[in-house]
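>>> Mind looking at a prediction? Sequence and model below.
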Amino acid sequence: MPSHLHFGDADFLRCRFAISPMWETQEAVRTLKRPDRHGYHAPWLRRIRAAAAGLDLAPLWLLMPRRGHSPDWLGPPPIGPAATFEEEIAAVRACDPEAAREDTALSLACTPGALRSPRGRAWLADPARMIAELADAVEEAWHVLIEPDWLRLRALLEADVAFHSRRLAEVGLGTLLPELDRRLSWDGRTLTLALRGEYARDLAGQGLVLMPSVFSWPDVVTGFEPPWQPTVVYPARGLAGLWADPGERTPAALVRLLGANRAAVLTALDEPAATTALAHRLGLAPSSVSSHLTVLRDAGLLTSRRYGHQVLYERTPLGMALAAGS
């Protein structure tokens, strides 16, 4: 059955996009237990398998029922458009213990036997210690699973936000929302989500956070009870090429025309990206990538624009045709 989010006049003024390294960490942990997601991230799974085996993820998995409530305090909506993991984990560590206890009890109740388990009883008896234990587990997961690839992940997520921000300017919120995912529909005042479960919520002036995610793919996730701001997490664009080695997709003719590194830079720009992210993805020095980007832009194959503190590069129609081998 569908769920419904009802907008008032003030809510239209408080809709925003966000990116969350904390969310991606949580969903990466969840993905390790979700074989149905593994096909989207096979190269990443192969690379992190040995390191992930050294993590104790059982406490986090206990609070990630396949169907049911996961604690909002442990994975809250992002606190800003460009929050760092350090800022987000600090907010988790500062959570009110009693609020965390109540939220955790709701989640444990979704897993048979969890409330009465030794771990569940210990958490509810000492929520301050629970917060520290689970925050430590999330932070360790961040360092092992996400941080080594965060530049690549952030570039794709920022490209998604940039694309949909342009669409918002072109077509307005009512047309944009259904474009985020086929399971979303809009009737002028209500966003309907064709997801498992049924609920209705009046946004009550809080507005809505729209957040692309890599590791939530292919799911759309919504929720967050008061006092959290309502959030819709949707699959990010461009996932198909996220883990691919750009060199494997570079046409030989393009290499002969531009040279191997310059051709790799052009081919890697399936989505807009910044110099540092491209350098990390391609294994090249940032100065070298910057030089190639300048040449490609001067040749009319790329355009550039500022997004926050970064300059994002994307292919022009001519650049797209060359990268496709047309």
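Cool, the structure landed.
>>> how deep is residue 39 tucked in, by neighbour count?
9 (other CB atoms under 10 Å). C-beta here means a position set from N, CA and C on the backbone, and glycine is covered the same way.
>>> and the gap between it and residue 264?
According to CB to CB, to the nearest Å, residue 39 stands 25 Å off from residue 264.
>>> try residue 59
From residue 59 over to residue 264 (counting by CB to CB), the distance is 41 Å.
>>> Looking only at neighbour counts, state which of those two leads.
Neighbour tally, residue 59 and residue 264, criterion other CB under 10 Å: the higher count belongs to residue 264, 25 against 15.
>>> Looking at the more buried one now. What's its pLDDT?
Note on residue 264: pLDDT of 88.
>>> Hmm, residue 281 and it touching each other?
No - shown here, residue 264 and residue 281 do not form a contact pair, counting by CB atoms under 8 Å, at 9.3 Å.
>>> For whichever helix or strand residue 321 is part of, what is the distance to the chain centroid?
Using DSSP states H and E, residue 321 falls within helix 317-323. With CA atoms, centre = their mean, to the nearest Å as the basis, helix 317-323 stands 28 Å off its chain's centre.
>>> If we go by neighbour counts, what in it is buried?
Judged by neighbour count (16 or more other CB atoms under 10 Å), helix 317-323 contains these buried residues: 319, 322-323.
>>> average pLDDT across it?
80.
>>> hmm, who's touching that helix?
251, 254, 257, 266-267, 269, 296, 300-302, 315 (CB atoms under 8 Å, 6 or more residues apart in numbering).
>>> what about the strands in the stretch 201-326 of the chain?
209-213, 221-223, 231-235, 302-307, 310-315 (DSSP state E, counting those that start in this stretch).
>>> Could you check how far the residue most central in space within the chain is from residue 291?
The centre of the chain sits closest to residue 213, judged by CA atoms, centre = their mean, with a distance of 2.5 Å. Going from residue 213 to residue 291 by CB to CB gives 33 Å.
>>> do residue 128 as well
53 Å.
>>> who has more neighbours, the two?
More crowded of residue 128 and residue 291, by other CB under 10 Å: residue 291, with 16 against 13.
>>> show me what contacts the closest residue to residue 161 other than its chain neighbours?
Excluding its sequence neighbours, the residue lying closest to residue 161 (CB to CB, 6 or more residues apart in numbering) is residue 17, at 4.5 Å. Residue 17 makes contact with 81, 161, 164-165, 209-212, according to CB under 8 Å, 6+ apart.
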